[in-house]
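In: the sequence and its predicted three-dimensional model are supplied below.
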Amino acid sequence: MSTRKLLAAGSTLLIALRLLAGPGGGTADRLWRAGAAGLAEAARTHDASVVSAADAVEPLPTPAPESTPLPQESSAPEAVDAAVPTTAPDGRAILPTTLTGGMTMKNETDFSPDLAALLAAGPGLSLPADGPQVLILHTHTSEAYTPDGIDRYTASGTARTEDLNYNIVRVGDVLADALTAQGLSVLHDRTIYDYPSYTGSYSRSGAAVEAALAANPTLRVVIDLHRDALSDDHANASIPLAHGAARMAEITGDEKWIKRLEAFWKTAVTERGMFATTGSNAGEFWIPPHSHGRYMGNEDQEFCTVYNMVRAAEYLYRRTLKKEYADYIERAIYNGFLAQQNKDTGMPTYFLPMLPGSKKRWGSKTRDFWCCFGTMVQAQTIYPEL
């Protein structure tokens, strides 16, 4: 994995640590400074561009390194710009922090924490002199990055691999080394928790954290390090691109657009396989080809993906008149549109669980407003077209 990806991931984590440190400093401030120093040293001593011996391209000269000073604490708080909003669109208060734009917290629990008081008080941590102090682990261990240059790996899914040299564990290795270099005692759990099933990952990693805390009472900080999931593996983010290709085919008459739609269908359905209900995603992400049995859980078949895949199938059917697309539409209507809408309340369920014994979680009329509520309305409007 290239150094630039490791540094980018580490920088994201340091922002969270800096927020935790707050104005009170203390142990979390020490963690942040240790990580910042480690990343600065990594940036000075590692070349972000690795060229193999067989590569005929002459490497570009590396500019002289510059000193990277650590940010200094200010004794006086910065003035708050009157133009900066203090309330989010959903009514939640935006609290000023070291993060640009401030911070809000989505809270669906019965607890009502005073965030302003927590930030003002600081973390209040103290590290024991002996024994492990920091635990790093990865619930979604196989999360990886888009292959680039010589960063190639055997994929177990889209942007996922069980190779610990190329998934999020590698980022954890660098973070652990950076914190250790600053005198902290770190345990890095490199166990894969999202295999053989992505569903249940948090239950497995949660049990591991509890076991680690029991075995190491000196642990004070637990970091569950993930990759930013903004990649190409989100199912419903990719299906509308296929709709765009279909629309371009209708407008321009250029066959290349319909070929792109057919290529999408081949990848998403034909070569991937699907549940009997037509679903092929778990937790909003595409399931690896012919691996659906591993992903049977409580969060399969997002309603929005069913609707959008029906639209893609409709485009293809109108263009080719192949019955396979009509069969797909019929199956999706009965096992998606109708199966994921409550016949009594009209409310949708976000996911259609595939795990035996699991139950649908229906939305409420006043406490939920998922994207699937809008999709449910759209689904009703296309019945005449089908």
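Out: Structure received.
In: make it CA atoms for all contacts and neighbour counts henceforth
Out: Fine.
In: M296 contacts P196, doesn't it?
Out: No: using Cα atoms under 8 Å, M296 is not in contact with P196, being 11.0 Å away.
In: more crowded one of these two?
Out: M296 (20 against 13; other Cα atoms under 10 Å).
In: roughly how far apart are the more buried one and D114?
Out: 38 Å (Cα to Cα, to the nearest Å).
In: over to S126?
Out: 22 Å.
In: how about G293?
Out: Separation of G293 from D114 (Cα to Cα) stands at 43 Å.
In: likewise Y350?
Out: Relative to D114, and taking Cα to Cα, Y350 is found at 31 Å.
In: for the chain, which spans come out with low pLDDT?
Out: Within the chain, the stretches with pLDDT under 70 are 1-106, 108, 146-149, 157-158, 228-233.
In: so which residues of this structure form helices?
Out: 3-21, 27-45, 115-121, 168-181, 201-215, 235-252, 255-265, 303-320, 323-332, 371-381 (DSSP state H).
In: quick one: contacts of the last one?
Out: Taking contacts as Cα atoms under 8 Å, 6 or more residues apart in numbering, the residues outside helix 371-381 that touch it are F303, C304, Y307, F337, Q341, M347, P348, T349, Y350.
In: go again with 10 Å.
Out: For helix 371-381, contacts defined as Cα atoms under 10 Å, 6 or more residues apart in numbering pick out 302-308, 310-311, 333, 337-338, 340-341, 346-351, 363, 365.
In: burial measure for G283, as a count.
Out: Quick note: G283 (other Cα under 10 Å) scores 18 neighbours.
In: isn't it right next to T305, touching?
Out: No: between G283 and T305 there is no contact under Cα atoms under 10 Å: 11.4 Å.
In: identify the contacts common to these two.
Out: In contact with both G283 and T305: A235, F351, using Cα under 10 Å, 6+ apart.
In: any idea what L187 is bridged to?
Out: L135 (DSSP bridges).
In: that one: what's it in contact with?
Out: 131-137, 176, 180, 212, 216, 219, 222.
In: and K266, by the same measure?
Out: R260, R272, G273.
In: could you rerun that using 8 Å?
Out: So K266 contacts R272 (Cα under 8 Å, 6+ apart).
In: how near is it to A313?
Out: Shown here: K266 relative to A313, a distance of 12 Å by Cα to Cα.
In: for R331, same thing?
Out: Using Cα to Cα, R331 is found at 11 Å from A313.
In: give me the more crowded residue out of those two.
Out: A313 (22 against 16).
In: how many neighbours does the closest residue to that one other than its chain neighbours have?
Out: Spatial nearest neighbour of A313, chain neighbours left out: Y325 (5.3 Å); criterion: Cα to Cα, 6 or more residues apart in numbering. Number of residues near Y325 (other Cα under 10 Å) recorded here: 19.
In: repeat that for A120.
Out: For A120, using other Cα under 10 Å, the count is 12.
In: can you check S126 too?
Out: Neighbours of S126 (other Cα under 10 Å): 11.
In: gap between Q182 and A176?
Out: Taking Cα to Cα as the measure, Q182 falls 10 Å from A176.
In: show me which of those two is the more surrounded one.
Out: Counting neighbours by other Cα under 10 Å for Q182 and for A176 shows that A176 has the greater number, 21 against 15.
In: show me what contacts the more buried one?
Out: A176 neighbours (Cα under 8 Å, 6+ apart): I136, V186, L187, H188.
In: can you name the two of those residues that sit furthest apart?
Out: Within these, I136 and V186 form the most distant pair, 7.5 Å apart (Cα to Cα).
In: next, work out how far apart the closest residue to R272 other than its chain neighbours and D368 are.
Out: Counting by Cα to Cα, 6+ apart, P289 is the residue found nearest to R272 once chain neighbours are left out, at 3.9 Å. Per Cα to Cα, P289 is found 32 Å from D368.
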